[in-house]
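>>> everything below, folded, please.
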Amino acid sequence: MSEALGITFEENDRAGIITLDRPDRLNALTKEMFEALSAQYSAWSPAAHIYGVVMQSTHPKVFCSGGDLKVLQQWGEQGALDEIRDFYRAAYQHVWRLEKFFRPNLPLIDGLCLGGGVGISLFGTHCIAGENYGFAMPQVGIGFLPDAGGTFFLSRLPHHMGLYLALTGKIIGRADAYRLRLVTHCIPAAHFHVIVDAARDNHPIDKLLDGLHRDPGEGELARLTPIINRIFGADSVEEIFGLLDAEDGPQAEFAHATAAEMRKKSPTSLKIAFQQMRRGRELDLADALRLEYRLTQKIIATDDYREGVDARIVGKGREAAWQPDALSKVDDEAINRLFDEPADHELYLEDLTPGL
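Residues are numbered from 1 along each chain as shown. This next block holds a predicted model:
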C-alpha cells in the first residue's frame, strides 16, 4: 500500500500490522484511508495465517485526530456534497466491518484519539491505552454530530457520561476511559512491542494483555460523577444549561466552566446530540450507523456545518457564527424531522458473517 495514502499495511509472521502515517495531518482520515482499511480487514478476516491485527501510529502524540477536516472544508467550498457523503459512507461502513471482525484487533493508542479515530479503534476485540491516551468526541464543536458509532456507544455509558462527553467534547484520559470501558487495557507504551511480538508469534493474547495491564487509578470524572449524573439527566438541553448556571455548591466552578464550553458549540448540534443519546439507547449498532448517515446527509448541507469546519480550518479555531445562534431559536420539530424523515440515500451495511 502506498505510503502517500497515509496508512500502511504489512504482514509480520502471524500479525497484520496497520500503521497510521500522516504525521503532518495528525493522522487525519480520508475516504481513501477508510476504504483501504475496509479492504484490508476484509482480506485478513478469512486469512488463516493471520492471528490478529495490530494498529499503531507514527505520531508521537496523536493516534488519530479524526476525519480530515481540511479536505471536507475544501469540498464544502466547492459544494461537493456527494464527495462529503461518500466520505461518511466509507467511514460508517468501516466501523461496521470492524465490529464484525472476529480476530484479535489490537489498537495501541498512546496519544489523542478523536472522533473518527475512535471509530477505527473502539469496535474491535480490544483497545489498549498507553500513558498518554486521550479520548474525545468533539464534533458538536464544528456544527456536526458525534458519529462513527457514537450514537451507539456513548448512549450506553453510565451516569449520563455519554451525553456529557457528546455535548462538551471533553478530552478524557485513560483512567476515565478504562472505568467507562472505552478501553480494555491500560498498558505502558514501553510494552507495546511485546504485544506486537505476541500477535506475530500467535501467542494467546488475552492472558498476555491481562498480565501487562496496570490499573490506572481513579480518573477526573470519578469525583464529578454525581453532578454529571444529576445535571445531564435533565430532560432537555435548555434544562441542562439552567442547572449548570444555577449550580452554587462545591462543584459550581466545574458547572459554570462546562456551561461556558457548551455555549461555544452549535445550538443545533447540541440538540441533535441530545436526541442521539436518547434514541441511541434503543438502537443496535447497525441502526445507529444508519441513523448517523441519515443525519449526516442533511447536516452537511447546512450553514452550521460549513461554518464550523471553516472556522476550525481556515479561521484556525476562530469562534464560529452559528445560525441559529441560540437554543431558543432552534426548531425542535425540525430536529425531529432530521431523525424521522428518510434521506435521499440510506446506508447499506453488508451482512457480514463472522469469518467470511
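
>>> any low-confidence regions in the stretch 51-200 of the chain?
For the stretch 51-200 of the chain, no stretch is flagged by pLDDT under 70.

>>> what about the helices in the stretch 101-250 of the chain?
Under the criterion DSSP state H, counting those that start in this stretch, the stretch 101-250 of the chain contains helices at 116-119, 150-153, 161-168, 174-179, 192-200, 205-212, 220-231, 237-246.

>>> work out the gap between the longest one and the centre of the chain.
Its chain's C-alpha centre and that of helix 220-231 lie 22 Å apart, by CA atoms, centre = their mean, to the nearest Å.

>>> which residues are in contact with that helix?
Contacting residues not belonging to helix 220-231 are listed as 159-161, 164, 172-173, 175-176, 179-180, 240, 243-244, 247, 251, 254-255 [CB atoms under 8 Å, 6 or more residues apart in numbering]. Placement of C-beta: from N, CA and C, glycine included.

>>> other SSEs contacting the helix or strand where Val95 lies?
For Val95, the host element (DSSP states H and E) is helix 81-99. Under the contact definition 3 or more CB pairs under 8 Å, 6 or more residues apart in numbering; DSSP states H and E, helix 81-99 sits against helix 31-44, helix 69-78, helix 116-119, helix 285-299.

>>> how much does that helix deviate in direction from helix 285-299?
Counting by axes from the mean of the first three to the mean of the last three CA atoms, to 10 degrees, helix 81-99 lies at 170 degrees to helix 285-299.

>>> report the angle between the axes of helix 81-99 and helix 31-44?
Orientation check (the same axes, to 10 degrees): helix 81-99 against helix 31-44 gives 30 degrees.

>>> ok, and the closest non-adjacent residue to the residue most central in space within the chain?
When CA atoms, centre = their mean is applied to the chain, the residue found nearest the centroid is Gly115 (3.2 Å). In space, and not counting its chain neighbours, Gly115 is closest to Gly66: 3.1 Å by CB to CB, 6 or more residues apart in numbering.

>>> next, Gly47: secondary structure please.
Careful, residue 47 is Ala and not Gly. Following DSSP: H, G, I helix; E, B strand; the rest coil, Ala47 is assigned to coil.

>>> return the per-residue confidence for it.
pLDDT recorded at Ala47 is 94.

>>> you'd agree the residue nearest to Gly115 is up against Leu112?
No - between Gly66 and Leu112 there is no contact under CB atoms under 8 Å: 9.4 Å.

>>> just give the nearest non-adjacent residue to Val71, would you?
Closest to Val71 by CB to CB, 6+ apart is Thr30, at 6.1 Å.

>>> let me know the distance separating the one you found from Ser57.
Distance, Thr30 to Ser57, using CB to CB, to the nearest Å: 16 Å.

>>> for Thr19, same thing?
Thr19 is 7 Å from Ser57, by CB to CB.

>>> equivalent analysis for Met277, please.
Taking CB to CB as the measure, Met277 falls 29 Å from Ser57.

>>> which of Gly66 and Leu112 has more neighbours?
Gly66 (26 against 22; other CB atoms under 10 Å).

>>> what sits against that one?
Contacts of Gly66 (CB under 8 Å, 6+ apart): Ala28, Leu29, Leu114, Gly115, Gly116, Gly117, Pro138, Gln139.

>>> ok, now Arg22?
Neighbouring residues of Arg22 by CB under 8 Å, 6+ apart: Gly6, Ile7, Ala28.

>>> rerun at 7 Å
By CB atoms under 7 Å, 6 or more residues apart in numbering, the contact set of Arg22 is Gly6, Ala28.

>>> coming back round to it: mind saving the C-alpha coords of the helix holding Val95 as CSV?
Output of helix 81-99 as CSV, limited to C-alpha atoms (Å, rounded to 0.1, in the frame of the first residue of the first chain):
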residue,chain,number,x,y,z
LEU,A,81,-21.8,17.3,-1.2
ASP,A,82,-21.5,13.9,-3.0
GLU,A,83,-17.9,13.7,-2.0
ILE,A,84,-18.6,14.5,1.6
ARG,A,85,-21.5,12.0,1.6
ASP,A,86,-19.1,9.3,0.2
PHE,A,87,-16.6,10.1,2.9
TYR,A,88,-19.0,9.4,5.7
ARG,A,89,-20.4,6.4,4.0
ALA,A,90,-16.9,4.9,3.8
ALA,A,91,-16.3,5.7,7.5
TYR,A,92,-19.5,4.1,8.8
GLN,A,93,-19.2,1.0,6.6
HIS,A,94,-15.7,0.5,8.0
VAL,A,95,-17.0,0.8,11.6
TRP,A,96,-19.4,-1.9,10.8
ARG,A,97,-16.7,-4.2,9.3
LEU,A,98,-14.5,-3.7,12.3
GLU,A,99,-17.4,-4.6,14.6
